[in-house]
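Engineer: Test case, fold it:
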Amino acid sequence: MRELSKPSTAHCNCSLYTLFLMAEPKYVSCVRLAEILEDVSHDSVNRFLLRERYTPEDLFNEVKEEITLVGGTLSVDDSVEDKPYRDQKKSAFVGYFWSGKHKRTVKGINLITLYYTDLSGHSYPVNFRIYDKREGKTKNDYFREMVLDVKQWGIKPTWVTGDSWYSSLENLKFLRNEKVGFLFGIGCDSFRVKVCNAD
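Structural biologist: Okay, here's the model as predicted:
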């Protein structure tokens, strides 16, 4: 995140934009925010989004005071933001991904998120990646990177959970080597669950 040398005079800021994202259930766009707030133009929102460069560590730093970093559960999941009309050739983020919402492959942006739930039940997202085909990585590659990130930042989970997409042998061996327990769904004819305790 950029460091401010003087107080910002921008009409759109992080707090305002975050509140908008939390309150708007359906139409999230610069134009929609400008419609809701008469003193903020859609250009102001667009400039804010282009100016700021929030990283996964910025997200973690926002929530780390709210959670107990030791002993909780990390959960991985991904979601697809539908972009049916976006030109795939013009954006490295747009591709075809399986959507649990639509139960089929759809064109959109794939967001991979790590959630952390501590022993008191507080649960927050602590890391994320937007799938970028230019990097030549899989969602599983991102997942392993993200687990290493949060461990480096101070989270010491007891368990890691996820759906069958993340239950590859490589991921399970990785988690065993990281000395954390795991609980993942396994896709097959009859649903089973793979459980391994690190001890």
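
Engineer: so Asp163 touches Phe184, yeah?
Structural biologist: Yes. The pair Asp163 and Phe184 qualifies as a contact (C-beta atoms under 8 Å) at a distance of 7.2 Å. Placement of C-beta: from N, CA and C, glycine included.

Engineer: Between those two, which is the more surrounded one?
Structural biologist: For Asp163 versus Phe184, neighbours defined as other C-beta atoms under 10 Å are more numerous around Phe184 (21 against 15).

Engineer: Enumerate the positions of the host helix or strand of the more buried one that are buried.
Structural biologist: Assigned by DSSP states H and E, Phe184 belongs to strand 181-186. Neighbour-count burial for strand 181-186, with 16 or more other C-beta atoms under 10 Å as criterion, is recorded at 181-185.

Engineer: Using CSV, write out every CA atom in it.
Structural biologist: Output in CSV follows, covering the C-alpha atoms of strand 181-186 (Å, rounded to 0.1, in the frame of the first residue of the first chain):
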residue,chain,number,x,y,z
GLY,A,181,-3.2,-31.4,10.1
PHE,A,182,-5.6,-31.3,7.1
LEU,A,183,-9.1,-32.1,6.2
PHE,A,184,-10.0,-32.1,2.4
GLY,A,185,-12.9,-33.5,0.4
ILE,A,186,-12.0,-36.2,-2.2
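
Engineer: residues in contact with Ala34?
Structural biologist: Contacts for Ala34 (C-beta atoms under 8 Å, 6 or more residues apart in numbering) come out as 40-42, 44-45.

Engineer: do you know how far it is from Asn13?
Structural biologist: Applying C-beta to C-beta, to the nearest Å, the value for Ala34 to Asn13 is 15 Å.

Engineer: before we move on, the earlier item: who wins for most neighbours among the contacts of Ala34?
Structural biologist: Val45 (23 neighbours).

Engineer: Contacts for the helix or strand hosting it, please.
Structural biologist: Assessed by DSSP H and E, Val45 sits inside helix 42-51. If you take C-beta under 8 Å, 6+ apart as the criterion, helix 42-51 is touched by 2, 10-13, 17, 29-31, 33-34.
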